[in-house]
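Q: no sequence on this one, just coordinates:
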Ligand SMILES: Nc1nc2c(ncn2[C@@H]2O[C@H](COP(=O)(O)OP(=O)(O)OP(=O)(O)O)[C@@H](O)[C@H]2O)c(=O)[nH]1
């Protein structure tokens, strides 16, 4: 039966979010250290105002790096940091001319890691507009247009990188969501899928039922005919479930020979009918591979999501009904009350 410890959503495991977290740690500590070192140079040159500005910003980065070493910092804080860096680079351009340009590129690159998708485009456009304007004001036009163009190239490369990362994440999600033997979803995604199905059902004011189905005495099938034969039985079971519930229903392999089926738009009575049909398809048609053939039965439990119920409560209800079917002799369906 299900053990209900699947509470982390897939987005928390997102490769890109992990990557961002590591990159941000590096950025906070790296930028902080560089600024403190530069502040020391400015102090020795007796440029006290510049040195203080660098020191304060550098310390702010180091403190943020310490506070947000395990989680992403809020977007407003990153926005403040980017504004501060933008300002410092602009002042540096004004004072040192073309030498200040060198700092523009790392600042632009940081924006790619600092902001969520929703506001990233806005921030990168703002910071690009600022740097393009500053370059135009403080440098000859011949320099300015080349620098503005090279910054655009950097942004373009960064954008391609982001798109490739998103694609990689999508492929990875797909691969990790699928059970390689049967092609259904694997149990890691059960919590997310069920939660999404509940949210959708509430929004559409439609019923949602859950069926938990477990093959009976599957160990003896493995023992008698071998693991490979058992594998074929599992694959064939999924195909028989699919023939009954259709392509759109979500089937999750929740354990060895146990499947959880999410039946959107389906009332408890309809779910019971569907469940009985699936059990019939399994029990009446023998499973065969080459010369080996056997009949298999299954036990199932169905439950309908009730208002206010959480995903694990409805799953537990269907699971308990399936457990009852097992204890009452297997090869039957039970309805959760
Ligand atoms: N062939 C095959 N067997 C598997 C796989 N994963 C788990 N199993 C087997 O599935 C069986 C599951 O057994 P259980 O559900 O615990 O018990 P059961 O023998 O089915 O008995 P009941 O569930 O009580 O009716 C175990 O023997 C596992 O070795 C798999 O990927 N392929």
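A: Perfect, I can see it now. These numbers were taken from a predicted model, which means no experiment stands behind them.
Q: shaky segments in the stretch 151-300 of the chain?
A: For the stretch 151-300 of the chain, no stretch has pLDDT under 70.
Q: and it, which residues reach the ligand?
A: 181, 214-219, 222, 227, 230-231, 234, 256-257 (Cβ under 6 Å from any ligand atom). Quick note: C-beta positions are derived from backbone N, CA and C, even for glycine.
Q: among these, which are in strands?
A: Mapping these onto strands (DSSP state E) picks out 214-215.
Q: just the buried members of the residues of the stretch 151-300 of the chain next to the ligand?
A: 214-216, 218, 222, 230, 234, 257 (16 or more other Cβ atoms under 10 Å).
Q: adding distance to residue 324, write the residues of the stretch 151-300 of the chain next to the ligand out as JSON lines.
A: Shown next, in JSON lines, are those (distance: Cβ to Cβ, whole Å):
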{"residue": "181", "distance to residue 324": "28"}
{"residue": "214", "distance to residue 324": "12"}
{"residue": "215", "distance to residue 324": "17"}
{"residue": "216", "distance to residue 324": "14"}
{"residue": "217", "distance to residue 324": "17"}
{"residue": "218", "distance to residue 324": "18"}
{"residue": "219", "distance to residue 324": "20"}
{"residue": "222", "distance to residue 324": "25"}
{"residue": "227", "distance to residue 324": "29"}
{"residue": "230", "distance to residue 324": "25"}
{"residue": "231", "distance to residue 324": "28"}
{"residue": "234", "distance to residue 324": "23"}
{"residue": "256", "distance to residue 324": "20"}
{"residue": "257", "distance to residue 324": "18"}
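Q: in helices only, show me the residues of the stretch 151-300 of the chain next to the ligand.
A: Secondary structure from DSSP state H places 218-219, 222, 227, 230-231, 234 of those in helices.
Q: ok, now which ones touch the residue lying closest to residue 34 once chain neighbours are set aside?
A: By the measure of Cβ to Cβ, 6 or more residues apart in numbering, the closest residue to residue 34 outside its immediate chain neighbours is residue 58, 7.4 Å from it. By Cβ atoms under 8 Å, 6 or more residues apart in numbering, the contact set of residue 58 is 31-36, 38-39.
Q: and which of those residues is nearest the ligand?
A: Here the nearest of the contacts of residue 58 to the ligand, counting by Cβ to the nearest ligand atom, is residue 31; it sits at 49.6 Å.
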